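In: Below is the structure, and that's it, no one-letter string:
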């Protein structure tokens with residue numbers, strides 16, 4: 001679905017790299033980079049705009065042509081954001097690369113994207129091919145990038161501005177080209193200024209849609225962003241308090257770790273924090289309640305999006321109705337959704353069609369044909385819809401497994417387990433079973449000081465859900481393993497479940 005931007009937005013935004021409001025005070029704080037302990041680096045909106053212009057000018061002077069792809073490999077930092085915007089301002093395509101991938105997979109991504117040049121920090125420079133031109137953030141940047149006034153290239157309706165690569169948990173990562181116009185439309189659905197100066201905190205990786213879209217939202221709002229190189233629970237909590245952060249979006253697993261730091265949280269002042277948005281992974285009512293207890297002044301929302309179709313799928317109810325705690329929201333205006341293949345019209349796999357949906361995977365026509373039909377994108381996410389039109393996540397269609405003929409979605413079991421007062425976090429995966437096909441097993445992180453028994457947890461699940469859903473095995477872990485995008489690494493837990501079964505290492 002191609003859609004030209006609203007004329008008002010066209011007048012303000014020429015492409016996705018050009019989000020600074022011309023009416024904004026250029027001296028207003030834009031970025032605070034916390035990469036160097038004890039020495040934060042501050043940038044105004046005017047400085048970011050001029051440096052992004054310098055990036056654009058330098059790339060074109062090197063002879064890069066419109067549409068060529070430029071990679072970024074680094075931890076979060078101010079130069080990453082500035083390079084990202086500058087690449088797109090020049091009419092080039094930004095390719096943020098997951099630096100947590102194995103080197104051979106990074107090589108594949110660079111080759112598949114046809115990258116012409118890369119920006120990189122010092123530790124990542126060694127991951128790049130010797131024949132690929134590189135601009136190092138820690139050396140070349142200061143010498144090559146000079147603040148410059150630059151007239152942003154006006155993007156055409158379907159012109160890609162960035163290409164993100166999916167995590168590749170089931171094979172090689174897939175390139176997802178995303179248009180300037182589609183992402184600007186998605187931004188336009190999220191811009192609801194409330195009159196106060198907002199300050200955001202970024203710790204999730206910038207190679208992932210969650211962090212990138214929050215960053216673009218900050219600049220579209222004329223707000224400010226505090227940037228951490230990566231996520232560490234205590235440092236994240238301290239930054240929320242020290243920098244009087246008002247708004248965050250995060251992956252739920254990040255806050256699942258933050259709320260474990262109870263003593264630290266009690267000693268910090270979070271009075272400025274007004275909004276917490278959770279997305280990119282399922283959330284449970286138990287986690288929401290723990291977040292609410294730790295940050296009582298903050299309004300907690302739960303969002304939904306995909307790399308292929310963007311983050312603007314659900315939003316507020318048009319009648320102003322409050323969303324239930326686990327609801328993802330109501331379909332946004334300008335987009336369409338439908339549920340396919342369910343037992344009733346109110347359940348099924350979510351398909352989406354909106355201006356942000358990709359045109360197709362890069363160099364993968366067969367995969368594109370399977371995922372897209374007449375502009376509709378098959379998310380693979382099973383949803384249900386309530387009587388008020390709110391949507392709820394049930395589980396990934398490819399995560400669903402069958403136990404004794406019954407379909408089990410891991411998220412549903414995780415919700416049951418996290419409702420137990422002793423359980424901090426749960427992840428449920430299938431384990432092969434000769435009689436029942438597969439059975440659910442659970443990996444749990446318990447709350448500080450709690451010592452629940454395996455039997456008590458099983459009885460808790462049996463009392464609140466169907467018998468076939470209760471976990472047949474349980475293991476206690478200090479933390480759940482993470483994948484590169486700050487989500488739980490389910491593949492690692494599936495492998496660990498099989499190893500524990502072979503060795504008889506389950507808790508008893």
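Out: Arrived safely. Every value quoted in this text rests on a predicted model; they were computed, and no experiment measured them.
In: going forward, measure contacts and count neighbours with C-alpha atoms only.
Out: Noted.
In: Can you mark which positions in stretch 33-52 are buried?
Out: By 16 or more other Cα atoms under 10 Å, the buried positions in stretch 33-52 come out as 33-35, 43-52.
In: what's near enough to touch residue 310?
Out: In this structure, residue 310 makes contact with 183, 186, 209, 356-357, judged by Cα atoms under 8 Å, 6 or more residues apart in numbering.
In: Quick check: beta-bridge partners of it?
Out: Beta-bridge partners recorded for residue 310 (DSSP bridges): residue 306.
In: Pull up the gap between it and residue 379, please.
Out: Residue 310 sits at a distance of 11 Å from residue 379 (criterion: Cα to Cα, to the nearest Å).
In: what does residue 204 give?
Out: Between residue 204 and residue 379 the computed distance is 23 Å (Cα to Cα).
In: Could you do residue 296 as well?
Out: From residue 296 over to residue 379 (counting by Cα to Cα), the distance is 34 Å.
In: Specify the residue ranges that define each domain of the chain.
Out: Here the domain assignment for the chain is 7-331, 407-503, based on automatic domain parsing.
In: Among those domains, single out whichever gets nearest to residue 375.
Out: For those, proximity to residue 375 was assessed by Cα to Cα; domain 7-331 is nearest, at 10.4 Å.
In: for the longest helix seen in the chain, the distance to its chain's centre please.
Out: Within the chain, and with DSSP state H defining each element, the longest helix by residue count is helix 45-61. The chain centroid and the centroid of helix 45-61 are separated by 26 Å, computed with Cα atoms, centre = their mean, to the nearest Å.
In: hmm, who's touching it?
Out: Among residues not part of helix 45-61, those counted as contacts by Cα under 8 Å, 6+ apart are 20, 25-31, 82-83, 85-90, 144-151, 222.
In: Below-threshold pLDDT in the protein: ranges please.
Out: Under the criterion of pLDDT under 70, the regions of the chain flagged as low confidence span 1-12, 167-171, 192-196.
In: Spatially central residue in the chain, please.
Out: Geometric centre of the chain, nearest residue: residue 210, 2.7 Å, by Cα atoms, centre = their mean.
In: ok, that residue touching residue 204?
Out: Yes: taking contact to mean Cα atoms under 8 Å, the distance of 7.4 Å between residue 210 and residue 204 places them in contact.
In: tell me, what's touching the two both at once?
Out: Residues touching both residue 210 and residue 204 (Cα under 8 Å, 6+ apart): 250-251.
In: sorry, back to before: including distance to residue 230, could the buried residues of stretch 33-52 go into TSV?
Out: Formatted as TSV, the buried residues of stretch 33-52 follow (distance: Cα to Cα, whole Å):
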residue	distance to residue 230
33	11
34	10
35	9
43	19
44	22
45	23
46	26
47	23
48	21
49	24
50	26
51	23
52	23
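In: which element is residue 288 on?
Out: helix 285-294 (DSSP states H and E).
In: ugh, wrong one, residue 213
Out: Here residue 213 is assigned to helix 209-221, by DSSP H and E.
In: which is the next helix or strand following that helix?
Out: As assigned by DSSP H and E, the chain's next helix or strand after helix 209-221 is strand 224-227.
In: and that following strand, what does it pack onto?
Out: Using 3 or more Cα pairs under 8 Å, 6 or more residues apart in numbering; DSSP states H and E as the contact definition, the elements that strand 224-227 packs against are strand 29-33, strand 199-202, helix 209-221.
In: Out of those, flag the one nearest residue 237.
Out: Each of those was checked against residue 237 via Cα to Cα, and the shortest separation belongs to strand 199-202, namely 10.1 Å.
In: Quick one: list the elements packing against the closest one.
Out: The criterion is 3+ Cα pairs under 8 Å, 6+ apart, and the helices and strands that strand 199-202 contacts are helix 209-221, strand 224-227, strand 247-250.
In: Please identify the deepest-packed of these.
Out: Across the helices and strands packed on strand 199-202, the average number of neighbours (mean count of other Cα atoms under 10 Å) peaks for strand 224-227, which reaches a mean of 25.
In: which other residues reach that one?
Out: Outside of strand 224-227, the residues that reach it under the criterion Cα under 8 Å, 6+ apart are 29-35, 76-78, 198-203, 215, 218, 243.
In: at 10 Å instead, please
Out: Contact with strand 224-227 is made by 28-35, 40-45, 76-78, 81, 197-204, 214-215, 217-219, 239-240, 243, 245, 247-248, as judged by Cα atoms under 10 Å, 6 or more residues apart in numbering.
In: Show me what it pairs with in its sheet, parallel or antiparallel.
Out: Counting by DSSP bridges, strand 224-227 is paired with strand 29-33 (parallel), strand 199-202 (parallel).
In: Next SSE downstream of it?
Out: Stepping forward along the backbone from strand 224-227, the first helix or strand reached (DSSP H and E) is helix 233-242.
In: Please spell out which residues along that following helix are buried.
Out: Buried residues in helix 233-242, defined by neighbour count with 16+ other Cα under 10 Å: 233-234, 236-241.
In: what does stretch 379-388 give?
Out: Judged by neighbour count using 16+ other Cα under 10 Å, the buried positions of stretch 379-388 are 379-385.
In: Tabulate these in CSV, adding columns for secondary structure and distance to residue 500.
Out: What follows is these, written out as CSV (DSSP: H, G, I helix; E, B strand; the rest coil; distance: Cα to Cα, whole Å):
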residue, secondary structure, distance to residue 500
379, strand, 32
380, strand, 30
381, strand, 29
382, strand, 30
383, strand, 32
384, strand, 34
385, strand, 38
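In: Format those residues as TSV; extra columns: distance to residue 176.
Out: Formatted as TSV, the entries for those read as follows, by distance: Cα to Cα, whole Å:
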residue	distance to residue 176
379	14
380	16
381	18
382	22
383	23
384	27
385	28
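In: correct me, but residue 272 touches residue 248?
Out: No: using Cα atoms under 10 Å, residue 272 and residue 248 do not qualify as a contacting pair, with a distance of 11.4 Å.
In: what's the overlap in contacts for these two?
Out: Counting by Cα under 10 Å, 6+ apart, the contacts common to residue 272 and residue 248 are 198-199, 240.
In: where along the stretch 401-508 of the chain do the helices fall?
Out: Secondary structure of the stretch 401-508 of the chain (DSSP state H, counting those that start in this stretch): helices at 410-418, 454-464, 490-503.
In: Flag every buried residue along the second one.
Out: Buried residues in helix 454-464, counted by 16+ other Cα under 10 Å: 454, 457-458, 460-462.
In: likewise the last one?
Out: Of the residues in helix 490-503, 490, 493-494, 497 count as buried by neighbour count, 16+ other Cα under 10 Å.
In: Which strands or helices does it pack on?
Out: strand 423-433, strand 437-446, strand 473-476 (3 or more Cα pairs under 10 Å, 6 or more residues apart in numbering; DSSP states H and E).
In: contacting residues for residue 292?
Out: 259, 276, 286, 298-300 are the contacts of residue 292 under Cα under 10 Å, 6+ apart.
In: Now that we have these, which of them are buried?
Out: Burial of the contacts of residue 292 was assessed by neighbour count (16+ other Cα under 10 Å); the buried members are 259, 276, 286, 298, 300.
In: That's all I had, so thanks and see you.
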